[in-house]
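Peer 1: Give me the fold of what follows.
(chains A and B)
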Protein chains: 2
Amino acid sequence: MHTQDLETPAVVVDLDVFERDLHKLQTYLDKHKIANRPHIKTHKSTAIAHLQLEAGAAGITCQKLGEAEVMADAGITSIFIPYNLVGEAKLQRLAALMGRADISVSADSLETITGLISAARRAGKALTVLVEFDSGMGRCGVQTPHEAAVLARAIAASDHLCFGGLMTYPNRDALNGFVRTTRELLAPDKIDIPSVSGGGTSCMWQAHSHPELTEHRAGMYIFGDYGTLQSGAMTLDEISLRVHATVVSRPTETRGIVDAGSKTLSSDKLGRDGHGFVVEYPEARIFGLSEEHGHIDFSACAAKPRIGERVTIVPNHVCPVVNLFDTLIQTRNGQVVGSWRVDARGKVR
Amino acid sequence: MHTQDLETPAVVVDLDVFERDLHKLQTYLDKHKIANRPHIKTHKSTAIAHLQLEAGAAGITCQKLGEAEVMADAGITSIFIPYNLVGEAKLQRLAALMGRADISVSADSLETITGLISAARRAGKALTVLVEFDSGMGRCGVQTPHEAAVLARAIAASDHLCFGGLMTYPNRDALNGFVRTTRELLAPDKIDIPSVSGGGTSCMWQAHSHPELTEHRAGMYIFGDYGTLQSGAMTLDEISLRVHATVVSRPTETRGIVDAGSKTLSSDKLGRDGHGFVVEYPEARIFGLSEEHGHIDFSACAAKPRIGERVTIVPNHVCPVVNLFDTLIQTRNGQVVGSWRVDARGKVR
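Peer 2: This next block holds a predicted model:
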């Protein structure tokens, strides 16, 4: 089947482009001796995770326990969950998961660490814990090397935990200084920092500029999106994933409505103007989204689409788009050649 | 199980509140002799659709064909799809669906109507088509009564279609004048306007102020959300659905991070400041969302939450939240009493 015959809206991945993306980051990180631990939150597909591992990834990253359970069910054994796992039910599940995969997690508080100790005790094996620090994003993470050192000592002091190092997201300039100061604070205790895990797709090609970084977690590098394009990390030719949509209404001379709305493209704007990039009409602007309608202003376009015409859209942020679909369509040279199941879609717990 | 023991994030519906909401709108519309045709895009659950029909709804509304197929599979027979169904694959599916349910659709162009004729011919039965008009939203819909009359004549002229009237979304002041002028234009052709279908939850209690309205399509009235609250259409006590989340990090004195991010709350802001309302901390502000983290500023709150504490959030827009989950949890008096499957989740085609 030709992609033009696919029902819309559909999320379509060009395999040739995808495979180039997959190997390009792996090659770059290999060259700089930085471990590649791709974040599966972007694709949520066990099949793609296996491709990443076959290409040379050291393991995978999952944002939620539920994602990690799906990946472990598919036989993936090295999983980092950079998230504070909190609460009795989560700790029970963590203990169970430790029985069938090599799990590491992060923590940014003594409260989280206390819970992790109980999970590891229950699992009967040591749990590797990295301390999350805030390198400037202002989300989770300890704020100072002093706090990081306090948590590192608490982890190292537990028979049930193993101190895995430091983690942050995304890589920022403050990373190196933070790690060095923490190392100095831990030296008297003879506590090493075995790894420093950073992340991000927009900043992936600068990973080697952080001498302290030992591992990188990127998610979107295999697909790309409008954010990645605008950051300069990927070119339009490198964006493997596009949303195919159909123009279903042309109510005015300049307005067009497509069958992809916020339940397809998501409402993630990531600070961008508009809701994505229309490849065939680069001057068009997706000025609004209803749940099942994309509202496009074609006034700047010399030619305007007719009703029934197909367009392909590069979404602002690819991760929430994939999470809205059960299936990603694979294509080569414009022909549909298969699909991937989004196995871990919706696994927010 | 008490709701406090539910794993988070979870979407939780208080059945007592839900049932009051369900009947309140039905009673109001009955009183004003306006047909109630609830929009299932909000809940995407066949079980809830059946409850709406049992409460007195005249039928249901689906935004996409895929939703309608799921509802028809569950034995629901009166379904309005207020959407331009375009393209060969959609028309084939429409013809098949017409074989097992009483389907009506909308159109705002001759291109759409031409396709609908072919679908109805294939189905071997007449398809009811309403003409969509733009009463001020600026999405789909013809712009003038003259255009509406042209399409109404085209529908009425086809042996395969039945002119069902006019539809718009949401109800706005322009509605009545538009309908009257169109009626005058159609009078010489002896074409009646059998129904006028409007919609919206924020404007639901003003439905009776539009004398031309014969049918109302509301979606969110059974759950409510922060948008509905701020519009004045519902009070906090009437909001039956909340997202339960856990505080997983308190990196600074004023910042708290919860385990509900954009893959739970969606990024729909609908023009609002922040990403929802934290019931237990009304002065808190959800200032940002990552995919699995909600970033909350508690600086205006006298007391601040501890790590592990539960909070409940009224999301900005409930429809995309439900569409991210497979299950809605039912509670009564704080106890979990069951769940609803979100059967039509992700049915964007």
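
Peer 1: need the residues of the stretch 101-250 of chain A near chain B, please.
Peer 2: Residues of the stretch 101-250 of chain A lying close to chain B (C-beta under 8 Å from any C-beta of the partner chain) are A:108-109, A:111-112, A:134, A:138-143, A:246-250. (Each C-beta comes from the backbone N, C-alpha and C, glycine too.)

Peer 1: now, which of these lie within strands?
Peer 2: Those of these mapping onto strands are A:246-249, per DSSP state E.

Peer 1: Switch those residues over to a markdown table; also include pLDDT and neighbour count.
Peer 2: Formatted as a markdown table, these follow (pLDDT from 0 to 100; neighbours: other C-beta atoms under 10 Å in any protein chain shown):
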| residue | pLDDT | neighbour count |
| --- | --- | --- |
| A:246 | 98 | 22 |
| A:247 | 98 | 24 |
| A:248 | 98 | 29 |
| A:249 | 98 | 27 |
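
Peer 1: Tell me the one of the residues you listed nearest residue B:319?
Peer 2: Set against residue B:319, the nearest of those by C-beta to C-beta is residue A:248 (19.4 Å).

Peer 1: The residue nearest to residue A:42 when sequence neighbours are not counted and residue A:14: what is the separation?
Peer 2: Excluding the flanking residues, the one nearest residue A:42 by C-beta to C-beta, 6 or more residues apart in numbering or on different chains is residue A:219, at 3.6 Å. Between residue A:219 and residue A:14 the computed distance is 18 Å (C-beta to C-beta, to the nearest Å).

Peer 1: Now do the same contact list for the most centrally placed residue in chain A.
Peer 2: Geometric centre of chain A, nearest residue: residue A:219, 3.3 Å, by C-alpha atoms, centre = their mean. By C-beta atoms under 8 Å, 6 or more residues apart in numbering or on different chains, the contact list for residue A:219 reads A:38-43, A:61, A:199, A:201, A:319.

Peer 1: ok, now residue A:292?
Peer 2: Each residue near residue A:292 by C-beta under 8 Å, 6+ apart is listed here: A:259, A:261, A:263-264, B:41, B:63-64, B:83, B:348.

Peer 1: any chance of these in TSV, plus secondary structure, neighbour count and distance to residue B:286?
Peer 2: Shown next, in TSV, are those (DSSP: H, G, I helix; E, B strand; the rest coil; neighbours: other C-beta atoms under 10 Å in any protein chain shown; distance: C-beta to C-beta, whole Å):
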residue	secondary structure	neighbour count	distance to residue B:286
A:259	coil	26	31
A:261	coil	27	23
A:263	helix	28	21
A:264	helix	29	24
B:41	coil	24	24
B:63	coil	26	27
B:64	coil	23	29
B:83	coil	26	32
B:348	coil	24	26
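
Peer 1: For stretch A:249-266, buried residues please.
Peer 2: Buried residues in stretch A:249-266, counted by 16 or more other C-beta atoms under 10 Å in any protein chain shown: A:249-251, A:255-266.

Peer 1: quick one: which of these is nearest residue B:299?
Peer 2: Each of the buried residues of stretch A:249-266 was checked against residue B:299 using C-beta to C-beta; the closest is residue A:266, at 29.1 Å.

Peer 1: Quick check: the gap between the closest one and chain B.
Peer 2: Shown here: residue A:266 relative to chain B, a distance of 6 Å by C-beta to the nearest C-beta, to the nearest Å.
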